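>>> Based on what follows, work out the 3D shape:
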Amino acid sequence: MLTKRDRTALYKQIQETQRTRALNVRAAMHSAGGWEELGHLCGLSPAFLKQIASDNAQRSIGERLARKLEFDLGVPKGWLDSRH
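This next block holds a predicted model:
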């Protein structure tokens with residue numbers, strides 16, 4: 001069983017990963033030339049991409065979505081999880 005301290009640390013780590021992924025999606029959008037272009041590359045709607053990449057994201061970028069985006073963008077696995 002996790003202690004309260006362990007749960008708090010794990011929650012903070014998850015939040016930081018979510019922030020990093022959102023920042024990297026925004027960076028990918030800038031490299032692609034906009035939300036429309038990024039959506040075309042990834043096969044996702046621009047509105048959905050905006051939702052997952054905003055500062056107050058309405059949706060989180062889960063593990064499967066992160067790996068799909070990395071594959072579609074042609075970047076190494078784990079790229080979205082690291083600051084660039």
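>>> Not counting its neighbours along the chain, what's nearest Gln66?
If you look again at residue 66, you'll see it is Ala, not Gln. Of all residues not flanking Ala66 in the chain, Leu80 sits nearest, at 4.7 Å (C-beta to C-beta, 6 or more residues apart in numbering). Quick note: C-beta positions are derived from backbone N, CA and C, even for glycine.
>>> Isn't the one you found up against Leu23?
No. Assessed by C-beta atoms under 8 Å, Leu80 is found out of contact with Leu23, at 9.2 Å.
>>> Between those two, which is the more surrounded one?
Between Leu80 and Leu23, counted using other C-beta atoms under 10 Å, the more crowded position is Leu80 (24 against 15).
>>> what about the residue positioned nearest the centre of the chain, which helix or strand?
Among the residues of the chain, the one closest to the centroid is Arg21, at 3.0 Å (C-alpha atoms, centre = their mean). Take DSSP states H and E as the rule and Arg21 turns out to sit in helix 4-32.
>>> Quick check: which helices or strands does that helix pack against?
Packing contacts for helix 4-32, counted by 3 or more C-beta pairs under 8 Å, 6 or more residues apart in numbering; DSSP states H and E, involve helix 35-42, helix 46-53, helix 63-73.
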